[in-house]
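Peer 1: Got a sequence here, can you build the structure:
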Amino acid sequence: MELIIDFPGGARVDAHFGPYTVQTDQPPQGGGEGSAPTPFAVFLSSIGTCAGIYVLGFCNQRNLPTEGIRIVQRLNRNPLNGLVQEVDLEIQVPPDFPEKYYSALVRSANQCLVKKHFEHPPQFNIHTEVMQAA
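Peer 2: Residues are numbered from 1 along each chain as shown. Next up, the predicted model:
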C-alpha cells in the first residue's frame, strides 16, 4: 500500500491513498487552524475504531443489535515523558445486551490489527529521495 503525503497549506498535512484523503491540521496554538484532527489524534482514533470494527463484526455475525453499544477509549500518559503508556477500551452495552457475550466482545476487540501492530511494531526506514524533474 502506498500513501502520498502532501502539504496543502498552513500546518495541514494530508494523506492520500486509493480514493481517500485523510486531512490533518494543528490547533491554533500549534500554528494551524484546527480545521481537522491532528495526525496523533487520527492515530489514536484508529485504535478505538479498529476495535469497533471487530465488535461490529461479532454482533453482525450473531444478529445482535449494535444500537446503544459504544467504545470509550481512555489514555493514560507517562508523567515523565508525556507518552501514552496505557490505552483503556471500555465496551459499553445497553442493559438488554446478553451478558453471555460480554467476554466474547472483549476477545473480538482484542483482534484489532492496530493493537497487534503495537504488540509487534514494524521497523521504520526513513530516507530522502530527489524527485526527477517532469
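
Peer 1: Find the helix or strand that the residue nearest to the spatial centre of the chain is a member of.
Peer 2: Nearest to the mean C-alpha position of the chain, by CA atoms, centre = their mean, lies S46 at 0.9 Å. Using DSSP states H and E, S46 sits in helix 39-61.

Peer 1: Of all the residues in that helix, which ones are buried?
Peer 2: L44, I47, G48, C50, A51, G52, Y54, V55, F58, C59 (16 or more other CB atoms under 10 Å). Glycine gets a C-beta too; all of them are placed from N, C-alpha and C.

Peer 1: and which of those residues is nearest to L3?
Peer 2: Nearest to L3 among those is C50, at 17.1 Å by CB to CB.

Peer 1: State the distance from C59 to V72.
Peer 2: With distances taken as CB to CB, to the nearest Å, C59 is found 17 Å from V72.

Peer 1: Give me the phi and psi for the residue nearest to V93 when sequence neighbours are not counted.
Peer 2: Distance criterion CB to CB, 6 or more residues apart in numbering; nearest residue to V93, sequence neighbours excluded, is I69 at 5.4 Å. Main-chain torsions, I69, degrees, to the nearest 10: phi -90, psi 140.
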